[in-house]
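>>> pasting the sequence and the predicted coordinates here, then a few questions.
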Amino acid sequence: MPRPLDVAVLVGSLRKESFSRKIALAIAEVAAPAMKLEIVEIGGLPLYNQDDDAAIPPPAWTAFRERIRGADAVLFVTPEYNRSVPGALKNAIDVGSRPYGKNAWSGKPGAVVSVSPGALGGFGANHHLRQSLVFLDVPVLQQPEAYVGGVAGLLDDQGRLTNPDTRAFLGKFAAAFTAWIRTTAKH
């Protein structure tokens with residue numbers, strides 16, 4: 001059996017009771033043992049400013065970039081804010097893409113899951129994020145697309161997934177992502 005794939009997970013919501021984080025944890029559960037998903041915290045990353053990268057970048061940026069480079073793949077799990085992604089996630093994307101010519105995302109297989117209490121499942125955030133990932137040379141899993149709508153009704157009081165259909169879908173998504181990583185990753 002091949003080693004578990006190391007997947008860095010970026011959760012767009014910083015909220016303590018984040019639905020996105022809960023769904024990321026549910027994906028980690030159904031993805032095991034093929035993948036080891038680790039949430040990479042992005043809330044403490046200083047805002048990207050090219051002037052700060054000129055001499056000695058902030059240590060948090062360096063550690064973040066190294067973690068992304070070391071991962072086999074990246075999973076983005078995000079809510080939708082104003083038809084796009086939250087600022088913290090956009091900042092993490094910018095930090096990883098710089099300095100020019102040293103894009104940590106380049107060639108890294110990725111997947112996007114958007115989460116929303118509403119019916120559309122964060123459709124706008126999902127597609128907006130995909131636009132950035134195309135530019136950053138992240139080959140993104142195309143199918144199955146993952147829009148988790150009505151998320152509040154899919155979790156129990158402890159934040160665990162209770163809906164069997166959603167669990168089955170996330171299992172199918174994780175299996176497709178595993179196959180995508182194994183066929184797409186640069187070795």
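Structure's in. What do you need? Numbering: from 1, shown residues only.

>>> ok, residue 5 to residue 36 distance?
According to CB to CB, to the nearest Å, residue 5 stands 7 Å off from residue 36. The C-beta positions use only the backbone N, C-alpha and C, and glycine is treated the same way.

>>> ditto for residue 105
Residue 105 is 20 Å from residue 36, where distance means CB to CB.

>>> so these two - more neighbours on which side?
residue 105 (19 against 15; other CB atoms under 10 Å).

>>> which non-adjacent residue is nearest that one?
Nearest residue to residue 105, sequence neighbours excluded (CB to CB, 6 or more residues apart in numbering): residue 136, at 4.3 Å.

>>> residues contacting that neighbour?
When contacts are counted by CB atoms under 8 Å, 6 or more residues apart in numbering, residue 136 touches 93, 96-97, 103, 105-106.

>>> and residue 35, by the same measure?
4-5, 7, 28, 174, 177-178, 181.

>>> now with 10 Å?
Residue 35 makes contact with 4-7, 9, 27-28, 72-73, 75, 174-175, 177-178, 181 under the criterion CB atoms under 10 Å, 6 or more residues apart in numbering.

>>> got a pLDDT number for the closest residue to it other than its chain neighbours?
If the residues on either side of it in the chain are set aside, residue 35 comes closest to residue 5, at 4.6 Å by CB to CB, 6+ apart. Predicted confidence (pLDDT) at residue 5: the value is 97.

>>> and for residue 5, the neighbour number?
Using other CB under 10 Å, residue 5 has 19 other residues around it.

>>> so where's this protein shaky on pLDDT?
Applying pLDDT under 70 to the chain flags residues 1, 187.

>>> circling back to that earlier point, hang on, the residue nearest to residue 35 packs against residue 175?
No: in this structure, residue 5 is not within contact of residue 175 by CB atoms under 10 Å, at 11.9 Å.
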